[in-house]
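Undergrad: Need coordinates for the following:
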Amino acid sequence: MKVVAIIQARMGSTRLPGKVLRTLCGQPVLRHVCNRVRLARRLESLWVATSTRAADDAIAQACAAWNVPCYRGSEDDVLARFHGAAAAAGAEVVVRITADCPLFDGWLLDDMLRVFLEANTPEIRVDYLSNVLERRYPRGLDAEIFTFAALDQAHREAHLPREREHVTPYLYQHPEKFRLHSYRAPEDWSQYRWTLDTPEDWALIEAIYQALYRTEQPFTTRQVLEWLQARPDLAQLNASVRQKE
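TA: Alright, predicted model coming up:
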């Protein structure tokens, strides 16, 4: 099956505008995300999905410079945008990732894909697999994997504004229609917040990159965990930030 990762990106952000193209250790955040997603060997291709707003032209231009395919669609109906990107890519299996996760773990994604692909046999079907059905990984390592058939059904049947804005609620909120599988972390690390949404998040992520980033060798999740356990003062930088629903 053709496996395609689609990174959802936009320049708009109420708490940290332009965050996906901020420079982090010499590269835009989005390029770091692309590079870390590509660590997953089971991916056949990587796309970025952004909106048709003029403000997001910069994302499309950056993707063109990096030779990353970019699909543009509705800003508000993100489910339709995602469906369009997956169709354009010819995806049979779709991976959803967001552009505000510069600590994303492609090796983790590779193992999630292994579980998803091995679970889908003629006898058994899994439509949706994620490491957020039960939150144990740090926020910022989130990945969702689903079949294009499931995405297509959601695109046809989902009508609520929240279902259209957030892409996957129609899948995981209808277990009677879709077979769900939870990919569970071996330990509970949910106290950490590694996503980029606020100046406090930026302070933590910039500190992690300055300590661990090397162009020749990507850092691992285990390295980040060990570094934060040795520097609990830095782990508190964004401990008070609350995730927007």
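Undergrad: okay, CA-based contacts and neighbour counts for the rest of this
TA: Noted.
Undergrad: and stretch 221-232, which residues are buried?
TA: Neighbour counts over stretch 221-232 (16 or more other C-alpha atoms under 10 Å) mark 221, 224, 227, 228 as buried.
Undergrad: State the helix or strand in which the third one lies.
TA: Here residue 227 is covered by helix 221-230, with elements defined by DSSP states H and E.
Undergrad: Could you look up the SS state of the residue sitting nearest the centre point of the chain?
TA: Centroid-nearest residue in the chain: residue 97, 1.9 Å away (criterion: C-alpha atoms, centre = their mean). Recorded secondary structure, residue 97: strand (DSSP: H, G, I helix; E, B strand; the rest coil).
Undergrad: any idea what the nearest residue to it once chain neighbours are set aside is structurally, helix, strand or coil?
TA: In this structure, residue 97 finds its nearest non-sequential neighbour in residue 7, 4.8 Å apart by C-alpha to C-alpha, 6 or more residues apart in numbering. Of the three states, residue 7 takes strand under three-state DSSP.
Undergrad: can you give me how far the helix holding residue 227 is from the chain middle?
TA: 21 Å (C-alpha atoms, centre = their mean, to the nearest Å).
Undergrad: Summarise which helices and strands that helix is packed against.
TA: With contacts defined as 3 or more C-alpha pairs under 8 Å, 6 or more residues apart in numbering; DSSP states H and E, the packing partners of helix 221-230 are helix 199-212, helix 232-235.
Undergrad: which residues in the chain form helices?
TA: 29-37, 57-66, 78-89, 106-119, 148-157, 161-165, 169-172, 199-212, 221-230, 232-235 (DSSP state H).
Undergrad: Sketch out the low-pLDDT regions of the protein for me.
TA: Counting by pLDDT under 70, the chain has low-confidence residues at 243-245.
Undergrad: And residue 120, how far from residue 49?
TA: Residue 120 sits 26 Å away from residue 49, taking C-alpha to C-alpha, to the nearest Å as the criterion.
Undergrad: who has more neighbours, those two?
TA: Between residue 120 and residue 49, counted using other C-alpha atoms under 10 Å, the more crowded position is residue 49 (27 against 12).
Undergrad: which residues touch residue 51?
TA: Contacts for residue 51 were tallied using C-alpha atoms under 8 Å, 6 or more residues apart in numbering; they are 10, 72, 73, 74, 75, 81.
Undergrad: just checking, residue 169 touches residue 163?
TA: Yes: counting by C-alpha atoms under 8 Å, residue 163 is a contact partner of residue 169 at 5.5 Å.
Undergrad: More neighbours: those two, which one.
TA: Taking other C-alpha under 10 Å, residue 169 and residue 163 do not tie; residue 163 has more neighbours (20 against 16).
Undergrad: Could you measure from the more buried one over to residue 88?
TA: 21 Å.
Undergrad: returning to what we had before: let me see the contact set for the residue nearest to residue 97.
TA: 34, 46, 47, 48, 49, 96, 97, 98, 99.
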